[in-house]
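Asks: sequence unknown, structure follows:
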């Protein structure tokens, strides 16, 4: 299968010597977050100049993978014996329109994982909620204000895959892309504008609405946030760039 400038030789093996990294699109909106994760906190920092340092809350794990690197992040208190901690990017919910990009998997077959999101702890109704899991059947994004609660079915969400979520506030339209599997879904909300999180910051692996363990760990290889909505063509280009970059480590995402 050929996608952009990436040649995928088999479902399990990438020949990294033959991989060409397709460029990221030129965007008008700023990109406050772009980070490849794993290995250690020091190796999981935001690559964007001038961005605040990413910090740990609790004890997230940096497991040694057979292929590629991830951070294993989850609630600071929970029944599972791993992933008891998450990362805080210290970036606020700065714009109503947004694009989120990430490569992740749900680490456990039941429940949901929260690879990237932003919300006020305790849940006062203002949040950008992203959840991934087998139990719910895929990847869900929920926002407040216009009532969008969009679920993209995902087969084998316990495998690392690359996703892009876009939301355009002037048109109230959300798109979710599973770039790995080539699927997408779209929804348009009501005429109400999105209610931004007015206290929380973007976190990796943490659900501020459920802080005591009913959210399972995420294995996350990459996260990105753009302060504006991108086009479908740009979303596919972003996903192709992420997949090719991760493929250099041998990871199929």
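Replies: That came through, no problem. Since we're looking at a predicted model, the values are computed, not measured.

Asks: Against residue 230, how distant is residue 187?
Replies: Distance of residue 187 to residue 230, computed by C-beta to C-beta, to the nearest Å: 17 Å. For glycine as for every other residue, the C-beta is placed from the backbone atoms N, C-alpha and C.

Asks: neighbour-wise, which of those two wins?
Replies: Between residue 187 and residue 230, residue 230 has the larger neighbour count (other C-beta atoms under 10 Å), namely 23 against 17.

Asks: Doesn't residue 86 lie inside a helix?
Replies: No. The assignment for residue 86, made by DSSP: H, G, I helix; E, B strand; the rest coil, is strand rather than a helix.

Asks: List the contacts of it.
Replies: 56-58, 60, 73-76, 203-206 (C-beta atoms under 8 Å, 6 or more residues apart in numbering).

Asks: Please indicate which of these are buried?
Replies: Listed as buried from these are 58, 60, 73-76, 203-206; burial here means 16 or more other C-beta atoms under 10 Å.

Asks: Which ones among those residues lie within strands?
Replies: Among the buried ones among the contacts of residue 86, the members found in strands (DSSP state E) are 58, 73, 203-204.

Asks: now, among the residues you listed, which is nearest to residue 102?
Replies: Ranked by distance to residue 102 (C-beta to C-beta), these are led by residue 204 at 8.4 Å.

Asks: Okay, and the beta partners of the residue nearest to that closest one when sequence neighbours are not counted?
Replies: Distances taken as C-beta to C-beta, 6 or more residues apart in numbering put residue 87 closest to residue 204, at 4.1 Å, once the chain neighbours are dropped. Beta-bridge partners recorded for residue 87 (DSSP bridges): residue 56, residue 204.

Asks: What does the pLDDT read for residue 87?
Replies: Here the pLDDT value assigned to residue 87 is 92.

Asks: Tell me if I'm right that it and residue 203 touch.
Replies: Yes. Contact criterion C-beta atoms under 8 Å: residue 87 and residue 203 qualify, at 6.6 Å.

Asks: Residues in contact with both of those two, list them for me.
Replies: Listed as contacting both residue 87 and residue 203 by C-beta under 8 Å, 6+ apart are residue 57.

Asks: tell me the SS of residue 240?
Replies: helix.
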